[in-house]
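1. I need the structure of the sequence given here:
(one chain, ligands or ions: 1)
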Amino acid sequence: MKAKQLIKLFSVVALLAVASAANSATHVVKMKNSNADGIMVFEPGFLKIAKGDTVTFEVVDAGHDAISEVTPDGGSWKVGFTGGNVKFDVEGVNIYYCMPHRSMGMYGIIQVGEATNKADAMSKVETIDAGFAMNHGRLKGYAANIK
Ligand SMILES: [Cu+2]
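-> Numbers count the residues shown, from 1 in each chain. Here you go, the predicted structure:
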């Protein structure tokens, strides 16, 4: 291959890389002690993203983690107390919680593309909410955004 052809090939590869990176976005979910939704919260509590997007769990207040409870494919993911990134490659509804504040209703929902497992997720929301010691209705409010 001649040098000119090689340069052309590299240009195409570089453009493709830029294009695919531009198609996936990064979103932020803050882990906080309080906001307008009450105490011990993920912000936003409901987030809709596209398949392939990444969510950065940001530590605003210490002492929170994020652990999946419901996922579209039965898989699991977890973010520790120092925060971190989760890339979502499966379409559907993810329901997650913070271990230390689980009974206080510190839950969040991330919908990735189509809500492929909506019926399952909605029935789990009922069960989860019934187990809270406080903040009843918060998770149901988030779930009302699942479309
Ligand atoms: Cu927490």
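2. Now do the buried residues in stretch 73-83.
-> 77, 79, 83 (16 or more other C-beta atoms under 10 Å). Backbone N, C-alpha and C define where each C-beta goes, glycine included.
3. next helix or strand past the least confident helix or strand in the chain by mean pLDDT?
-> The helix or strand of the chain with the poorest confidence is helix 3-23; it has a mean of 58 (mean pLDDT, DSSP states H and E). In the C-terminal direction, the helix or strand that comes right after helix 3-23 (DSSP states H and E) is strand 26-35.
4. average pLDDT across that next one?
-> Strand 26-35 comes out with an average pLDDT of 98.
5. and the next element down the chain from it?
-> strand 38-43.
6. Quick check: mean pLDDT of that following strand?
-> For strand 38-43, mean pLDDT rounds to 98.
7. Same question for stretch 110-126.
-> 98.
8. ok, now which ones touch the most centrally placed residue in the chain?
-> Residue closest to the average C-alpha location in the chain (C-alpha atoms, centre = their mean): Ile110, at 4.1 Å. Residues counted as contacts of Ile110 (C-beta atoms under 8 Å, 6 or more residues apart in numbering) are 29, 46-49, 55, 88, 93-94, 96.
9. That one: helix or strand, and which one exactly?
-> Here Ile110 is assigned to strand 107-112, by DSSP H and E.
10. Check Lys124 too.
-> Lys124 is part of helix 118-130 when elements are defined by DSSP H and E.
11. Run the chain-centre distance for that helix.
-> Counting by C-alpha atoms, centre = their mean, to the nearest Å, helix 118-130 is centred 17 Å from the centre of its parent chain.
12. so what does the helix or strand just after it touch, helix or strand wise?
-> Where DSSP H and E defines the elements, the next helix or strand beyond helix 118-130 is helix 138-143. Based on contacts counted as 3 or more C-beta pairs under 8 Å, 6 or more residues apart in numbering; DSSP states H and E, the elements that helix 138-143 packs against are strand 107-112, helix 118-130.
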